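**Q** I'll drop the sequence and a predicted model, then ask my questions.
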Amino acid sequence: QVQLVESGGGLVQAGDSLRVSCAFSGGTFRDYSVAWFRLGPGGERVFVAGCSWRPDDTRYGDSVKGRFTISRDNAANMVALQMNNLKPDDTSVYYCAARVGLINSGSVWYNAWGSGTQVTVSS
């Protein structure tokens, strides 16, 4: 059974940078796409960024393009999200999710989830 463990959340000021990481275990990592979601205002899970088994195959949500970068280390079974120029609107719980196959921006298509890490950006 696939397990995902997030780390690296915290409290930062607007304009700062933060890096969150996701450790994958319990499956064949190269079979999975991994994505980051965050909780939206209504409690829904909003797509932030995703990466397939190919590290250069990435996708981003509109609100984070140009500020966030997802990266993947297939040797270490890790995915990281580098968040630059953070804004108060980026405050949320960030979740790592995995699915077999290609990246998908819909949360319903992911069947493995971490427990989340809190990111708080003060103004």
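**A** Ah, there it is.
**Q** quick check: chain neighbours aside, which residue is closest to the residue with the largest distance to the centre of the chain?
**A** Going by Cα atoms, centre = their mean, the residue of the chain most distant from its centre is residue 123, 22.6 Å out. Of all residues not flanking residue 123 in the chain, residue 88 sits nearest, at 4.8 Å (Cβ to Cβ, 6 or more residues apart in numbering). The C-beta positions use only the backbone N, C-alpha and C, and glycine is treated the same way.
**Q** show me the beta-bridge partners of residue 49.
**A** On the basis of DSSP bridges, residue 49 is bridged to residue 36, residue 60.
**Q** ok, it touching residue 37?
**A** No - using Cβ atoms under 8 Å, residue 49 makes no contact with residue 37, being 9.1 Å away.
**Q** and stretch 15-23, what's buried?
**A** 18, 20, 21, 22 (16 or more other Cβ atoms under 10 Å).
**Q** ok, stretch 58-68 next?
**A** By neighbour count with 16+ other Cβ under 10 Å, stretch 58-68 contains the buried residues 58, 59, 60, 61, 64, 68.
**Q** now the strands for this structure?
**A** Applying DSSP state E to the chain gives strands spanning 3-7, 10-13, 18-25, 32-39, 45-51, 58-60, 68-73, 78-83, 92-100, 112-113, 117-122.
**Q** okay, these in TSV with distance to residue 106 and mean pLDDT next?
**A** Shown next, in TSV, are those (distance: least, Cβ to Cβ, whole Å; pLDDT from 0 to 100):
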stretch	distance to residue 106	mean pLDDT
strand 3-7	18	97
strand 10-13	28	98
strand 18-25	19	98
strand 32-39	10	98
strand 45-51	7	98
strand 58-60	12	97
strand 68-73	17	96
strand 78-83	18	98
strand 92-100	10	98
strand 112-113	14	98
strand 117-122	21	98
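**Q** sweet, I'm off.
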